[in-house]
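Participant: with the sequence up front, the predicted model follows.
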Amino acid sequence: MDLSVLSDLALDRLMYGISLGAVAMMAAAGVLEAGRKCFDLFGMVVVALAAALGGGSLRDVLLDRPVFWVADQTYLIAALIAAMLTFFLARIFALPARLFLIPDAAGLALFTISGTKAALAWGAPWLVASFMGVITGVVGGILRDVLCNEEPLVFQGTLYATAAWAGALVFLGLMTVEIDPGQAAVAGGALIFLLRVAAIRWDIALPRFTSRL
Amino acid sequence: MDLSVLSDLALDRLMYGISLGAVAMMAAAGVLEAGRKCFDLFGMVVVALAAALGGGSLRDVLLDRPVFWVADQTYLIAALIAAMLTFFLARIFALPARLFLIPDAAGLALFTISGTKAALAWGAPWLVASFMGVITGVVGGILRDVLCNEEPLVFQGTLYATAAWAGALVFLGLMTVEIDPGQAAVAGGALIFLLRVAAIRWDIALPRFTSRL
Amino acid sequence: MDLSVLSDLALDRLMYGISLGAVAMMAAAGVLEAGRKCFDLFGMVVVALAAALGGGSLRDVLLDRPVFWVADQTYLIAALIAAMLTFFLARIFALPARLFLIPDAAGLALFTISGTKAALAWGAPWLVASFMGVITGVVGGILRDVLCNEEPLVFQGTLYATAAWAGALVFLGLMTVEIDPGQAAVAGGALIFLLRVAAIRWDIALPRFTSRL
């Protein structure tokens, strides 16, 4: 994708739109997860909001920045509408859980890169910045599973946070060799997305820990 | 209740006292919940403090205000004394769990309205403010249940957070039509309390989500 | 131990080194805990980081100070290296879980005293300061257990947080009688360490709560 055809303003708007979309997708995935546990409507809304807003909130609190959805309630509205829509659609249609895996991978890529960027802009050292990216990408899913009283899936399934970390590190590495930040972001994000999709497709996982305790 | 007979100072003092009482009640309810899981004395104190102070702490951290019980340790002392008293009373008398439902409903009403007010005063947009009110009211109970390794009851039982949200929205709505803030607060709080009591009495619940996944 | 032989700078360096060691030990203990649940490599790293950094992060967020490992990424690196080393060592050797009890007790002592100190320096009232010390010492272990979907061990086992609280209060008490802060810190820390070791050795526990509900 040649991003140089886009003006800076248009790129910002595109990123904002994608970011609202990612929040909405994460909220929808939260509703489907909570649905399996027979929560009531409000319970699902809470789980959906935690899944959609939790990672970015923790990043902003740790960095001592204004929390993104408090400063701009559009994110909160997007998450609420997506949660409600999914709730009612799931009562009518049989929505396959796997339907959300592709947008979820896109959301992971975008959240991770934007989280890394935000931490860098605040002046965090590189390792902290990459870790903030991973937090932005994965903490929502961890919160969702803890609220549903399950062992977080992100710890046990195919490559997820590892893909996020790899992409964040590639993004940071490309920045140090003075590549255009926009292109570095696209490269890092694409790596996350492709690693994640490949991991789902071919069931790639990290080694399990078999303790001899 | 005609609040105009009260001076502003007297009203502030009344609110402070009620607020300390709400913290104490939530702490007592936390002890009774933890007791069912056979935690030790300290475990119960932690669960009680999380239940009593968790919601307001999360609100203050998200809004980047000073955390209320760090700024004024009276809240911490009230929660500790209430937890200890409940611990020893419960070893002597059989305290029925339902005993706490009425003060808990009053606590929910007060926490929600005061949380909404605090967020508005900080300049949060209205939807964020109403959501901060709900966080203040219900997060303590969610934390209590997560620490006790149970699926949060607030997600599954009768109207709870929904009542809080309705009251917060009524409070905000009355403020926009330029009603006196004190009266709007009383109306919103009363609605929360009455909805919650009615929900307990007649077992009113939101529709469950029956996923077809 | 006669601390007066150490210059202030040397004491600060010693504290910093011990503090990095405590972070590393807590990370190692997190890996061993996560290993029992068959998490993958990343899952264990997250649990290890939560165990090592969680308490201090919550303290810093509640006090509205810069989060310690964001400001100085040496802590993050120490935790990561310790987690990786433990992961690979545990695949080769049978590491007994009890191996970590002594350094864990030392970590609890150091985290509690440094947390109490940091809160005092920020101007927190004494009860809040002691509670911040306990948070710094025990929240990491609570997070670790919640992420592993277990009832937090700290609530059920032998004296743990109670030892931390006692030490923090002794430290604060000695400060009010104008003893040298360094000596007060050593006395408080030593009390925590000894109480904890004694509790493990002779299985000392707080009374359980047997509710008659």
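Facilitator: Received, thanks. Numbers count the residues shown, from 1 in each chain, chains lettered A, B, ... in the order given.

Participant: list the buried residues of the lowest-mean-pLDDT helix or strand in chain A.
Facilitator: Here the helix or strand of chain A ranked lowest by mean pLDDT, DSSP states H and E is helix A:8-36, holding a mean of 76. Residues of helix A:8-36 classed as buried: A:15, A:18-35 (neighbour count, 16 or more other C-beta atoms under 10 Å in any protein chain shown). The C-beta positions use only the backbone N, C-alpha and C, and glycine is treated the same way.

Participant: for it, name the packing helices and strands.
Facilitator: Secondary-structure packing of helix A:8-36 (3 or more C-beta pairs under 8 Å, 6 or more residues apart in numbering or on different chains; DSSP states H and E): helix A:41-63, helix A:74-92, helix A:101-122, helix A:126-147.

Participant: is chain B contacted by the shortest one?
Facilitator: Yep, that's helix A:74-92 we're talking about. Yes. Judged by C-beta under 8 Å from any C-beta of the partner chain, helix A:74-92 and chain B are in contact via A:Leu76, A:Ile77, A:Phe87, A:Ala90, A:Arg91.

Participant: ok, of these, which come out buried?
Facilitator: A:Leu76, A:Ile77, A:Phe87, A:Ala90.

Participant: now the last one: how far from A:Met84?
Facilitator: In other words, A:Ala90. 11 Å (C-beta to C-beta, to the nearest Å).

Participant: contacting residues for A:Gly107?
Facilitator: Residues near A:Gly107 by C-beta atoms under 8 Å, 6 or more residues apart in numbering or on different chains: A:Gly21, A:Ala22, A:Val23, A:Met25, A:Met26, A:Gly137.

Participant: again, only this time at 7 Å
Facilitator: By C-beta atoms under 7 Å, 6 or more residues apart in numbering or on different chains, the residues touching A:Gly107 are A:Ala22, A:Met25, A:Met26.

Participant: from those, which is closest to chain C?
Facilitator: Nearest to chain C, judged by C-beta to the nearest C-beta, of these is A:Met26 at 18.2 Å.

Participant: for chain B, see how far away that closest one is.
Facilitator: Separation of A:Met26 from chain B (C-beta to the nearest C-beta, to the nearest Å): 17 Å.

Participant: with adjacent residues omitted, what lies nearest to that residue?
Facilitator: Residue nearest to A:Met26 in three dimensions, not counting chain neighbours: A:Ala52, with 4.2 Å by C-beta to C-beta, 6 or more residues apart in numbering or on different chains.

Participant: quick one: residues contacting that neighbour.
Facilitator: With the criterion set at C-beta under 7 Å, 6+ apart, A:Ala52 makes contact with A:Val23, A:Met26, A:Ala27, A:Gly30, A:Ala79, A:Gly140.

Participant: repeat for A:Ser130
Facilitator: Listed by C-beta under 7 Å, 6+ apart, the contact set of A:Ser130 reads A:Thr116, A:Trp165, A:Ala168, A:Leu169, A:Leu172.

Participant: redo that, cut-off 10 Å
Facilitator: Applying C-beta atoms under 10 Å, 6 or more residues apart in numbering or on different chains, we find A:Ser130 in contact with A:112, A:115-116, A:119-120, A:124, A:164-173, A:188, C:76.

Participant: list only those of these flagged as buried.
Facilitator: Buried members of the contacts of A:Ser130, counted by 16+ other C-beta under 10 Å: A:112, A:115-116, A:119-120, A:124, A:164-172, A:188, C:76.

Participant: can you tell me if the helix or strand harbouring A:Ala198 touches chain C.
Facilitator: Element membership for A:Ala198 (DSSP states H and E) is helix A:181-202. No. Contact of helix A:181-202 with chain C (C-beta under 10 Å from any C-beta of the partner chain) is absent, the minimum separation being 11.6 Å.

Participant: of the contacts of A:Ala52, closest to C:Ala48?
Facilitator: Closest to C:Ala48 out of the contacts of A:Ala52 is A:Gly140 (20.5 Å), distances taken as C-beta to C-beta.

Participant: OK, contacts around the closest one?
Facilitator: Contacts of A:Gly140 by C-beta under 10 Å, 6+ apart are A:23, A:26-27, A:29-30, A:48-58, A:107-108, A:111, A:154.

Participant: rerun that using 7 Å as the cut-off
Facilitator: A:Met26, A:Ala50, A:Ala51, A:Ala52, A:Gly54, A:Gly55.

Participant: between those residues, which sits nearest A:Val146?
Facilitator: Checking the contacts of A:Gly140 one by one against A:Val146 (C-beta to C-beta), the nearest turns out to be A:Ala50, at 8.8 Å.

Participant: and the residue lying closest to that closest one once chain neighbours are set aside, how far from C:Val146?
Facilitator: Spatial nearest neighbour of A:Ala50, excluding adjacent residues (C-beta to C-beta, 6+ apart): A:Leu143 at 4.3 Å. Separation of A:Leu143 from C:Val146 (C-beta to C-beta): 11 Å.

Participant: quick check: the residue of chain A nearest chain B.
Facilitator: A:Gly43 (2.7 Å).

Participant: any idea how far that residue lies from B:Val186?
Facilitator: A:Gly43 is 29 Å from B:Val186, where distance means C-beta to C-beta.

Participant: with A:Ile102 instead?
Facilitator: According to C-beta to C-beta, A:Ile102 stands 50 Å off from B:Val186.

Participant: higher neighbour count, these two?
Facilitator: Taking other C-beta atoms under 10 Å in any protein chain shown, A:Ile102 and B:Val186 do not tie; B:Val186 has more neighbours (17 against 14).

Participant: related to what we said a few turns ago, which one of the buried ones among the residues of helix A:74-92 next to chain B is nearest chain C?
Facilitator: For those, the nearest to chain C is A:Leu76 (21.1 Å; C-beta to the nearest C-beta).

Participant: so that closest one touches A:Val67, yeah?
Facilitator: No. Using C-beta atoms under 7 Å, A:Leu76 makes no contact with A:Val67, being 10.5 Å away.

Participant: look up phi and psi at A:Asp64.
Facilitator: A:Asp64 adopts backbone torsions of phi 60, psi 40, taken as degrees, to the nearest 10.

Participant: excluding chain neighbours, what is closest to it?
Facilitator: Spatial nearest neighbour of A:Asp64, chain neighbours left out: C:Pro66 (6.5 Å); criterion: C-beta to C-beta, 6+ apart.

Participant: got phi/psi on that neighbour?
Facilitator: Dihedral angles (degrees, to the nearest 10) for C:Pro66: phi -60, psi 140.

Participant: quick check: it vs A:Gly55, distance?
Facilitator: For C:Pro66, the distance to A:Gly55 - C-beta to C-beta - is 20 Å.

Participant: of those two, who's got more company?
Facilitator: Counted by other C-beta under 10 Å, C:Pro66 and A:Gly55 do not tie: A:Gly55 has more neighbours, with 28 against 13.

Participant: for the more buried one, give me its contacts.
Facilitator: Taking C-beta under 7 Å, 6+ apart, we find A:Gly55 in contact with A:Phe111, A:Ile135, A:Thr136, A:Gly137, A:Val138, A:Val139, A:Gly140.

Participant: who wins for most neighbours among those residues?
Facilitator: When neighbours are counted by other C-beta under 10 Å, A:Gly137 leads the contacts of A:Gly55 with 33 neighbours.

Participant: relative to chain C, how far out is the nearest residue to A:Leu49 once chain neighbours are set aside?
Facilitator: Leaving aside its sequence neighbours, A:Leu49 sits nearest to A:Ala79 (C-beta to C-beta, 6+ apart; 5.5 Å). Look at A:Ala79 and chain C: by C-beta to the nearest C-beta, they are 23 Å apart.
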